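K.L.:
build the 3D model from these lines:
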Amino acid sequence: RETDAILHVLRCFDDDNVVHVDGSVDPIRDKETIDIELQLKDLESVEKKLDKAKRAAKTGNKDAVKEEAVLLKVKKELEAGISVRAIDLSADERKEFITPLQLITDKPVMYVCNVDEASAASGNAYVEQVRAATAGENAEILVLAVGTEADISELETYEERQLFLEDLGLDEPGSSKLIRAAYHLLNLHTYFTAGEKEVRAWTIPVGATAPQAAGVIHTDFEKGFIRAEVISYEDYVTFGSEIKVKEAGKMRVEGKEYIVKDGDVMHFRFNV
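P.N.:
Sure, this is the predicted structure:
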């Protein structure tokens, strides 16, 4: 329940040498099997919470009355086989009454369609079935030839791996696509700190403020945050150096409310 997302791998390839536990290849059936198990577990949680909300609502508690109405709606949809993430709720209803329950089918989900080598670049009919079945879920879908990825990882040199990928019509390993898709699913992005001794990567939520981003490096940076000196990546490339960007008047000074954007080159000024 404490996980941030679910990654669901679905078999989307035919191979008589690889036996399926159910005797046939059907990614939609496989998806529904897991969905039902998770929905039933969420139903247990919702019913327990609903009992408490009903008792509180009888005393005239207005918040409990609202909670009861939301939980009744969620219960009805779960019983109909609808995952919580696909239920039509307002942002406030979800935040106040549903998110605290940590319901499993409320987690963002990525479906990884495991295909054969020939389908690695463009997918196949099974993948299209998955796309159609998950259209209302706001889910990520990634096509990956897992067996082929294993073969690529065993190649010794970068050049050999690139040649293999080119033969398949791919421009990068599936693992790279998976990482990017997972970051998008979790609403995260990465920024780097660079110095003479090392370069490090830090993960922050999309929409983080400058102090929050600074605090990932060290809490003192957030506590004593004064300002951020910001240069856009495009300006840095155009003018060629930090000094020339400053001379052109393209460096900005941003305060505590500034939302960090992709491509920002930043100096954090702080004092503790």
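K.L.:
going forward, measure contacts between C-alpha atoms and count neighbours the same way
P.N.:
OK.
K.L.:
which helix or which strand is home to residue 138?
P.N.:
In this assignment (DSSP states H and E), residue 138 forms part of neither any helix nor any strand.
K.L.:
what's the neighbour count on it?
P.N.:
Residue neighbour count, defined by other C-alpha atoms under 10 Å, stands at 13 for residue 138.
K.L.:
excluding its backbone neighbours, what's nearest it?
P.N.:
residue 86 (7.6 Å; C-alpha to C-alpha, 6 or more residues apart in numbering).
K.L.:
what of residue 239?
P.N.:
Counting by C-alpha to C-alpha, 6+ apart, the residue nearest residue 239 is residue 245, at 5.8 Å.
K.L.:
okay, now the one you found: neighbour count?
P.N.:
By other C-alpha under 10 Å, the burial measure for residue 245, its neighbour count, is 18.
K.L.:
find me the pLDDT at it, would you?
P.N.:
Looking at residue 245, its pLDDT reads 93.
K.L.:
do the same with residue 100
P.N.:
93.
K.L.:
burial count for it?
P.N.:
9.
K.L.:
for the residue nearest the centre of the chain, give its distance to residue 22.
P.N.:
Nearest to the mean C-alpha position of the chain, by C-alpha atoms, centre = their mean, lies residue 185 at 1.7 Å. Plainly put, residue 185 is 30 Å away from residue 22 if you go by C-alpha to C-alpha, to the nearest Å.
K.L.:
helices or strands next to the helix or strand where residue 63 lies in the packing?
P.N.:
Counting by DSSP H and E, the element that carries residue 63 is helix 62-79. Using 3 or more C-alpha pairs under 8 Å, 6 or more residues apart in numbering; DSSP states H and E, the elements in contact with helix 62-79 are helix 27-58.
K.L.:
which residues does the residue nearest to residue 239 contact?
P.N.:
231, 235-236, 239, 251 (C-alpha atoms under 8 Å, 6 or more residues apart in numbering).
K.L.:
distance to residue 150, pLDDT and secondary structure for these - can I get that in a markdown table?
P.N.:
Converted to a markdown table, those look like this (distance: C-alpha to C-alpha, whole Å; pLDDT from 0 to 100; DSSP: H, G, I helix; E, B strand; the rest coil):
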| residue | distance to residue 150 | pLDDT | secondary structure |
| --- | --- | --- | --- |
| 231 | 40 | 94 | strand |
| 235 | 40 | 94 | helix |
| 236 | 39 | 93 | helix |
| 239 | 43 | 94 | helix |
| 251 | 45 | 93 | coil |
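K.L.:
mark which of those are buried, thanks.
P.N.:
231, 235-236, 251 (16 or more other C-alpha atoms under 10 Å).
K.L.:
closest one of the residues you listed to residue 222?
P.N.:
Taking C-alpha to C-alpha as the measure, residue 222 sits nearest to residue 231 out of these, at 19.8 Å.
K.L.:
beta partners for the closest one?
P.N.:
residue 265 (DSSP bridges).
K.L.:
you'd agree it is up against residue 254?
P.N.:
No. Between residue 231 and residue 254 there is no contact under C-alpha atoms under 8 Å: 10.4 Å.
K.L.:
where in the chain is pLDDT low?
P.N.:
Of all residues in the chain, none has pLDDT under 70.
K.L.:
now the strands for this structure?
P.N.:
6-11, 109-114, 140-144, 188-194, 199-205, 225-232, 252-254, 264-270 (DSSP state E).
K.L.:
got CSV for those strands, with distance to residue 160 too?
P.N.:
Listed next are those as CSV, based on distance: least, C-alpha to C-alpha, whole Å:
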stretch, distance to residue 160
strand 6-11, 27
strand 109-114, 23
strand 140-144, 19
strand 188-194, 28
strand 199-205, 27
strand 225-232, 36
strand 252-254, 44
strand 264-270, 34
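K.L.:
what's residue 83 sitting at in phi/psi?
P.N.:
Main-chain dihedrals, residue 83, degrees, to the nearest 10: phi -70, psi 150.
K.L.:
distance check, the residue nearest to it when sequence neighbours are not counted against residue 268.
P.N.:
Distances taken as C-alpha to C-alpha, 6+ apart place residue 105 nearest to residue 83, at 5.2 Å, with adjacent residues excluded. As judged by C-alpha to C-alpha, residue 105 and residue 268 stand 39 Å apart.
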